[in-house]
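>>> Below is the structure, and that's it, no one-letter string:
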């Protein structure tokens, strides 16, 4: 990863990740629409909010709960 990619990742906030996590259906799989940035999705996977299979993880559900309360 180069410095620019690292800086771009650092600019992605938990709020951005919540927007991605909110695009899930009853089966728990996160789906991206055409206007959703793939980079945010990939970072959410890397940070453990979404599993490698595309499901919202416990960490992702915790983040969603924090944002729904606040």
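Sure thing, it's come through. Small disclaimer: the values here were computed from a predicted structure and weren't measured. Residues are numbered from 1 along each chain as shown.
>>> could you show me where the strands are in the chain, in order?
Per DSSP state E, the chain carries no strands over any range.
>>> now what about stretch 29-41, what contacts it?
8-9, 12, 16-17, 19-21, 23-25, 44, 50, 53-56 (CB atoms under 8 Å, 6 or more residues apart in numbering). All C-beta spots, glycine's among them, are computed from the backbone N, C-alpha and C.
>>> count of residues packed around the closest residue to residue 50 other than its chain neighbours?
Nearest non-adjacent residue to residue 50, counting by CB to CB, 6 or more residues apart in numbering: residue 44, 4.7 Å away. Using other CB atoms under 10 Å, residue 44 is surrounded by 25 other residues.
>>> show me what contacts residue 44?
Going by CB under 8 Å, 6+ apart, residue 44 touches 17, 20, 21, 30, 50, 60.
>>> Of all pairs in those residues, which one spans the longest distance?
Spanning the widest gap among the contacts of residue 44 are 17 and 30, at 10.3 Å by CB to CB.
>>> Contacts only, for residue 56.
Contact analysis of residue 56 by CB under 8 Å, 6+ apart lists 21, 24, 28, 30, 49, 50, 64.
>>> ok, of those, which come out buried?
21, 24, 30, 49, 50, 64 (16 or more other CB atoms under 10 Å).
>>> Select from these every entry located in helices.
Under the assignment DSSP state H, the buried ones among the contacts of residue 56 contribute 21, 64 to helices.
>>> I'd like the buried ones among the contacts of residue 56 written out as TSV, with distance to residue 39 and pLDDT added.
Listed next are the buried ones among the contacts of residue 56 as TSV, based on distance: CB to CB, whole Å; pLDDT from 0 to 100:
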residue	distance to residue 39	pLDDT
21	15	94
24	18	87
30	14	93
49	14	96
50	13	96
64	20	94
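>>> got TSV for the buried ones among the contacts of residue 56, with distance to residue 36 too?
Below are the buried ones among the contacts of residue 56 laid out as TSV (distance: CB to CB, whole Å):
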residue	distance to residue 36
21	11
24	12
30	9
49	14
50	12
64	16
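>>> What is the neighbour count of residue 39?
Neighbour number of residue 39 under other CB under 10 Å is 13.
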